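Engineer: 3D, please:
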Amino acid sequence: MRKNHAITRLSVGHACVDVYQGAVAALVPFFVAERAYSYAAVSGVVLAASVLSSVAQPLFGVLTDRRAVPWLLPVSTLLAGLGIALSGVSDSYAVTLAAVALSGVGVAAYHPESARVARAAAGGSHAAMGWFSLGGNLGFALAPLTVAAVVAVGGLRLTPLLLLPAVVSAALCLPVLRAERPRPRHGTAGPPAAGTDDTASFVRLSLAVVCRSVAFVGLGAFVSLYAAERMDGSRAAGTAALFLLYLGGAAGSVLGGALAGRWGRVRVSCWSYLLTAGSIAGLLLAPGPALYLFVALTSAGLYVPFSLQVTLGQDYLPSRVGTASGITLGLAVSVGGLISPLIGALADRTSLRTALTPLVLMPVLAWLLFRTLPEPVLPAPSGVTESDGDAPSRTS
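Structural biologist: You can find the predicted model right below:
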């Protein structure tokens, strides 16, 4: 299968899967409206989707480093969709938690192996990984609209219809998997990666990813409620804010790859996190509809480093690409859910604005951590390899 066709299929499949990550936050206003959930209760739903995903994602990464498990892509996609499809069928809070947790496990299983397959299919370049990440970011952006189109019409009882993107994604990935060549049991896709692991830099990168995740998931869980609160209780205003927060990923991922080709991944990520700190503060302080401008700036600031962090992690751990992908790609959008119950509890006791204010510090911490990171200097072999494909000069 031609490289461009494979990446296109994987990107669209990634979009379908990440609809389910965005769907958890998109369902929050409907849980509040139909079931009268408190802030703490809805943050518990976000936690349920995140906690198993956060624990399982690195484990699936280790698995994919040891052997190819391409069958995980269709299976994990269907699990992610099934969990969200079941989340609205019962009024039981425990059943809802179990359903979104099942979806979280599906998402966790999908990302490390899909990143490995995408890296192999694309020859390892930043630009191709940016397009792969773009697919996931578009899925996030479409999640509020998809959920609203289904649930706003007939309520939470129609969530089984949300299984459809999973079926589409599973069907799209099958031709790519059939075309993929077998690889050695131990190692990453294709020839063994050159270079040595820089574990210390990878740990600092991972901490920066955690800071980004706390800000991203915290805003994803509550920005729709915050916008609705600021706009006289308009649910449409909340959906628009969440859509805008996720939509920035479409431009951010591609823009990040282009900027990194000129200035390097570490420097571009530093600039992005400084922008994000200011824009989150503006989001919380801006009057009326002006908050949408800062939602857009926050989205851009959070998404520009997204695919750059993935390839940085792979370059810091060239012998464990699956593990690196599981942490940087998967945990970037799941581990923040572990903090969301604290935000919800604080919001119940004070106000939503007060509870969201600490999120301003998260991109500042990420910026400080990125300032300590080196730009990986990769060997330049005579032939084109995956590591060669990740060099900054190939991103433009």
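
Engineer: what are the boundaries of the helices in the stretch 101-250 of the chain?
Structural biologist: 126-154, 164-179, 199-230, 235-263 (DSSP state H, counting those that start in this stretch).

Engineer: which of those helices sits closest to Val304?
Structural biologist: helix 235-263 (4.1 Å; Cβ to Cβ). For the C-beta atoms, the positions are set from N, CA and C on the backbone; glycine is no exception.

Engineer: specify the angle between the closest one and helix 199-230 in degrees.
Structural biologist: Helix 235-263 and helix 199-230 meet at an angle of 150 degrees, taking axes from the mean of the first three to the mean of the last three Cα atoms, to 10 degrees as the criterion.

Engineer: what residues are up against Phe202?
Structural biologist: Gly313, Tyr316, Leu317, Ala324 (Cβ atoms under 8 Å, 6 or more residues apart in numbering).

Engineer: 6 Å - rerun?
Structural biologist: Tyr316, Leu317 (Cβ atoms under 6 Å, 6 or more residues apart in numbering).

Engineer: tell me which helix or strand in the chain has the weakest average pLDDT.
Structural biologist: helix 386-389 (a mean of 39; mean pLDDT, DSSP states H and E).

Engineer: export the helices of the stretch 101-250 of the chain to a markdown table and tack on mean pLDDT and distance to Leu356?
Structural biologist: Shown next, in a markdown table, are the helices of the stretch 101-250 of the chain (pLDDT from 0 to 100; distance: least, Cβ to Cβ, whole Å):
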| stretch | mean pLDDT | distance to Leu356 |
| --- | --- | --- |
| helix 126-154 | 83 | 18 |
| helix 164-179 | 83 | 29 |
| helix 199-230 | 92 | 6 |
| helix 235-263 | 83 | 12 |
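
Engineer: using CSV, lay out these together with distance to Phe370.
Structural biologist: Shown next, in CSV, are those (distance: least, Cβ to Cβ, whole Å):
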stretch, distance to Phe370
helix 126-154, 17
helix 164-179, 32
helix 199-230, 6
helix 235-263, 13
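
Engineer: let me know which of these is the nearest to Ala68.
Structural biologist: Between the helices of the stretch 101-250 of the chain, helix 164-179 lies closest to Ala68; by Cβ to Cβ that is 9.5 Å.

Engineer: by contact count, what packs against that closest one?
Structural biologist: helix 3-35, helix 72-86 (3 or more Cβ pairs under 6 Å, 6 or more residues apart in numbering; DSSP states H and E).

Engineer: between it and helix 126-154, how big is the angle?
Structural biologist: Inter-element angle recorded for helix 164-179 and helix 126-154: 150 degrees (by the same axes, to 10 degrees).

Engineer: let me see the confidence value for Ser351.
Structural biologist: At Ser351, the model reports a pLDDT of 93.

Engineer: relative orientation of the helix or strand hosting Ala41 and helix 199-230 in degrees?
Structural biologist: Taking DSSP states H and E as the criterion, Ala41 maps to helix 39-66. Orientation check (the same axes, to 10 degrees): helix 39-66 against helix 199-230 gives 150 degrees.

Engineer: quick one: average confidence on helix 39-66?
Structural biologist: Mean predicted lDDT for helix 39-66 stands at 81.

Engineer: counting neighbours, which bits of it end up buried?
Structural biologist: 39-58, 60-61, 63-65 (16 or more other Cβ atoms under 10 Å).

Engineer: now that helix, how far from the centre of its chain.
Structural biologist: The chain centroid and the centroid of helix 39-66 are separated by 12 Å under Cα atoms, centre = their mean, to the nearest Å.

Engineer: do stretch 361-375 as well
Structural biologist: The answer for stretch 361-375 is 19 Å, by Cα atoms, centre = their mean.

Engineer: C-alpha coordinates for it, CSV please?
Structural biologist: Provided in CSV are the C-alpha atoms of stretch 361-375 (Å, rounded to 0.1, in the frame of the first residue of the first chain):
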residue,chain,number,x,y,z
LEU,A,361,0.5,27.1,36.3
MET,A,362,0.6,23.8,34.3
PRO,A,363,2.0,25.2,31.0
VAL,A,364,4.4,27.3,33.0
LEU,A,365,5.8,24.1,34.6
ALA,A,366,5.9,22.5,31.1
TRP,A,367,7.9,25.5,29.8
LEU,A,368,10.4,25.2,32.6
LEU,A,369,10.8,21.5,32.0
PHE,A,370,11.3,22.0,28.2
ARG,A,371,14.0,24.5,28.9
THR,A,372,16.1,21.7,30.3
LEU,A,373,15.7,19.4,27.3
PRO,A,374,18.2,19.0,24.5
GLU,A,375,17.2,18.8,20.8
